[in-house]
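**Q** Sharing a model that was predicted from the sequence below.
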Amino acid sequence: MKPFKHPYLNSIFAEIYIIFVVSLIHLIGQSDTPDKFFDPVAALSLFVLSASIMGYLFLGEPIQLYLNGEKKEAVSFFAKTVLGFAVITLIIFIIVRFWR
């Protein structure tokens, strides 16, 4: 399957897909739940948006470096990004644990 060449259409189709998945979940799931229909749509949309932004932040530059033939720099850039994020995450967990 060839991907669409228009980024805005891709984002619209992504949202349509999310609504389809949520509709399917609601049809299969229990009908007496207090959740509103758009609650899971909003949650999945936020997840996809977050994954897209994180994918760009973590992989954008390494992919460009890799495609330009700078493979070691690409791996190093990606590893440094992940390591930096891991350190920040660890600091946040330490703060959450002891900040009382």
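**A** Received it, and whenever you're ready, just let me know what you need. Numbers count the residues shown, from 1 in each chain.

**Q** number of nearby residues for Ala74?
**A** 19 (other Cβ atoms under 10 Å). Bear in mind the C-beta positions are built from the backbone N, C-alpha and C, glycine included.

**Q** could you list every residue that touches it?
**A** Pro62, Ile63, Leu65, Tyr66 (Cβ atoms under 8 Å, 6 or more residues apart in numbering).

**Q** which ones among those are found in helices?
**A** Pro62, Ile63, Leu65, Tyr66 (DSSP state H).

**Q** Throw together a ChimeraX command that grabs the buried residues out of the residues you listed.
**A** Selection of buried members from these for ChimeraX, criterion 16 or more other Cβ atoms under 10 Å:
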select :62,65,66
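
**Q** Just the CA atoms of the strand or helix carrying Phe13, as CSV, please.
**A** Element membership for Phe13, per DSSP states H and E: helix 7-28. Output in CSV follows, covering the C-alpha atoms of helix 7-28 (Å, rounded to 0.1, in the frame of the first residue of the first chain):
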residue,chain,number,x,y,z
PRO,A,7,0.5,15.2,5.4
TYR,A,8,-2.8,16.8,6.3
LEU,A,9,-4.8,14.0,4.7
ASN,A,10,-2.6,11.5,6.6
SER,A,11,-3.5,13.2,9.9
ILE,A,12,-7.2,13.2,9.0
PHE,A,13,-7.1,9.5,8.1
ALA,A,14,-5.3,8.8,11.4
GLU,A,15,-8.1,10.5,13.3
ILE,A,16,-10.7,8.6,11.3
TYR,A,17,-8.9,5.4,12.1
ILE,A,18,-8.9,6.2,15.8
ILE,A,19,-12.6,6.9,15.7
PHE,A,20,-13.1,3.6,13.9
VAL,A,21,-11.1,1.7,16.6
VAL,A,22,-13.1,3.4,19.4
SER,A,23,-16.4,2.6,17.7
LEU,A,24,-15.4,-1.0,17.4
ILE,A,25,-14.4,-1.1,21.1
HIS,A,26,-17.7,0.5,22.1
LEU,A,27,-19.7,-2.0,20.0
ILE,A,28,-17.8,-5.0,21.4
